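Engineer: pasting the sequence and the predicted coordinates here, then a few questions.
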Amino acid sequence: MGTEMGSGMPESASPLAELERLQQALAEAEERARSDRDQYLRAVAELDNVRKRAQRDIEAANRYGLEKFAAELLPVRDSLELAVQSADQGQADARSLKQGQQATLQLLAKALERIGVTPIDPVGEPFDPSRHEAMLAQESATAKPGTVLQVVQTGYELNGRVIRPARVTVAKPPA
């Protein structure tokens, strides 16, 4: 016969207590599930907000990314306009036009430098196909073969990345 009879508790109390315990455990599990679902929904919403914000930032960068560059070039345009006006009014001689062009070229060089564009001037350096484009090989008794002798067209880098290789003449051994 049962050991439950000897414990002093009626047989019906034990299943009822077990039922209450299971109902409480179920209620706690349901509350945890609700809390976890809320946290999940908040995390999904936050992730969606971050994604949308990043997309807006990318669109703004694409739309306004050239703003700094354009602002740097405006003084160059102004200088060129003044030169054209001076030439139209017959106020400029060849010497003053040359000085104006030099000043405009300096404005342009400074504007490019401020935005990270730097010239590639490899004269005397070994030829580097990732930064230079060989236009001609010229015999040289004084320069080491494979060395850049002359820059035919200046190359440029933007923050260390080649945007146009320097076109160069490269030394080759005399025949």
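Structural biologist: Yep, it's here.
Engineer: and the pLDDT at Ala141?
Structural biologist: pLDDT recorded at Ala141 is 88.
Engineer: what about it, how many neighbours?
Structural biologist: Residues near Ala141, counting by other C-beta atoms under 10 Å, number 7. From N, CA and C alone the C-beta is placed, and that goes for glycine too.
Engineer: host element of the most centrally placed residue in the chain?
Structural biologist: Centroid check for the chain by C-alpha atoms, centre = their mean gives Ala61 as the closest residue, at 9.9 Å. Per DSSP states H and E, Ala61 falls inside helix 13-64.
Engineer: from the chain's centroid, how far away is that helix?
Structural biologist: Chain-centre distance of helix 13-64: 35 Å, with C-alpha atoms, centre = their mean, to the nearest Å.
Engineer: what's the next secondary structure element after that helix?
Structural biologist: Next helix or strand after helix 13-64 toward the C-terminus (DSSP H and E): helix 67-88.
Engineer: re earlier: ok, the residue nearest to the centre of the chain - contacts?
Structural biologist: Neighbour list for Ala61: empty [criterion: C-beta atoms under 8 Å, 6 or more residues apart in numbering].
Engineer: quick one: Lys172 from Glu139, how far?
Structural biologist: Plainly put, Lys172 is 6 Å away from Glu139 if you go by C-beta to C-beta, to the nearest Å.
Engineer: neighbour count winner among those two?
Structural biologist: Each of Lys172 and Glu139 has its neighbours counted (other C-beta under 10 Å); Lys172 has more, 16 against 12.
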